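**Q** Dropping a prediction and its sequence here:
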Amino acid sequence: MAETRTRKCPICGKPSAEAYKPFCSKRCADVDLNRWLTGSYVIPARDDEPVADASDDE
């Protein structure tokens, strides 16, 4: 028999709801949106990485 797995909400850990996947509720979806809009989610970068320059292609 195949086991049906319910994904958990990435915000609170409750089972996700079909209407708000991958979240369990509108509240958790809004919490996630707020984190994106306020810059809480960032991709770390190093200051010593070289920056590509358009003149390098010539």
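**A** That came in fine, so what should we check first?

**Q** C-alpha only now, for contacts and for neighbours.
**A** OK.

**Q** ok now do Pro10, which residues does it touch?
**A** With contacts defined as Cα atoms under 8 Å, 6 or more residues apart in numbering, the neighbours of Pro10 are Pro22, Phe23.

**Q** if you set the cut-off to 7 Å instead, what comes out?
**A** For Pro10, the contacting residues are Phe23, taking Cα atoms under 7 Å, 6 or more residues apart in numbering as the criterion.

**Q** measure it to Ser16 for me?
**A** Plainly put, Pro10 is 9 Å away from Ser16 if you go by Cα to Cα, to the nearest Å.

**Q** Pro22 - how many residues pack around it?
**A** Applying other Cα atoms under 10 Å, we find 18 residues neighbouring Pro22.

**Q** do the one 3 residues further on as well
**A** Counted with other Cα under 10 Å, residues neighbouring Ser25 total 19.

**Q** Let me see the contact set for it.
**A** Shown in contact with Ser25 (Cα under 7 Å, 6+ apart): Ala17.

**Q** and if we set it to 8 Å?
**A** The contact partners of Ser25, by Cα under 8 Å, 6+ apart, come to Ser16, Ala17, Ala19.
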